[in-house]
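*Asks:* just need the structure, nothing else, for what follows:
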Amino acid sequence: MTGVRLDRWLWAARFFRTRAQAKAAIEGGKVDVHLAPDEDAATAKPKVSREVGIGDWLTIRRGWTAETIIVEGLSEERGNATRARLLYRETARSIERREAEVARRRMERAGLTVPASRPSKRDRREIRKLKGQA
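*Replies:* The predicted structure is shown next:
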């Protein structure tokens, strides 16, 4: 087997529950194929029927997360999650970005935001007043 249709592969690798969802994601621009083996390389908007081969790089956006993966196996049949996990490998940089995004959203839900810059002298005085150290 030299290649598998993109929608079938995404379904078999368990990125989407149905082939219809995979097709909608591809047509909606949620799946990109990198034109060179690099995360920052130019991407092409693929068609549903595009053939995916071993070594292809894909970026898949689902919800808040974007994953950059490398295709390591081909399958047209949907198997269990353990078997599906062997079909791809996520890049280290993608994992770091995804985990940083999760941590940022968790902090925002807790009411914490990272300031854009250091507090000014006036800001530090206000912080001390709030803490009761003025």
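*Asks:* quick one: the helices in this structure?
*Replies:* Under the criterion DSSP state H, helices of the chain are mapped to 6-12, 19-27, 81-85, 92-109, 121-131.
*Asks:* quick one: contacts of the fourth one?
*Replies:* What that stands for is helix 92-109. Residues outside helix 92-109 that contact it (C-beta atoms under 8 Å, 6 or more residues apart in numbering): 39, 64, 65, 66, 67, 68, 69, 113, 114. No exception for glycine: its C-beta is placed from N, CA and C like everyone else's.
*Asks:* can you rerun that using 6 Å?
*Replies:* 39, 65, 67, 68 (C-beta atoms under 6 Å, 6 or more residues apart in numbering).
*Asks:* thinking again about what came up before, make a markdown table from the helices of the chain and add mean neighbour count to it.
*Replies:* A markdown table is the format used below for the helices of the chain (neighbours: other C-beta atoms under 10 Å):
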| stretch | mean neighbour count |
| --- | --- |
| helix 6-12 | 24 |
| helix 19-27 | 18 |
| helix 81-85 | 12 |
| helix 92-109 | 12 |
| helix 121-131 | 10 |
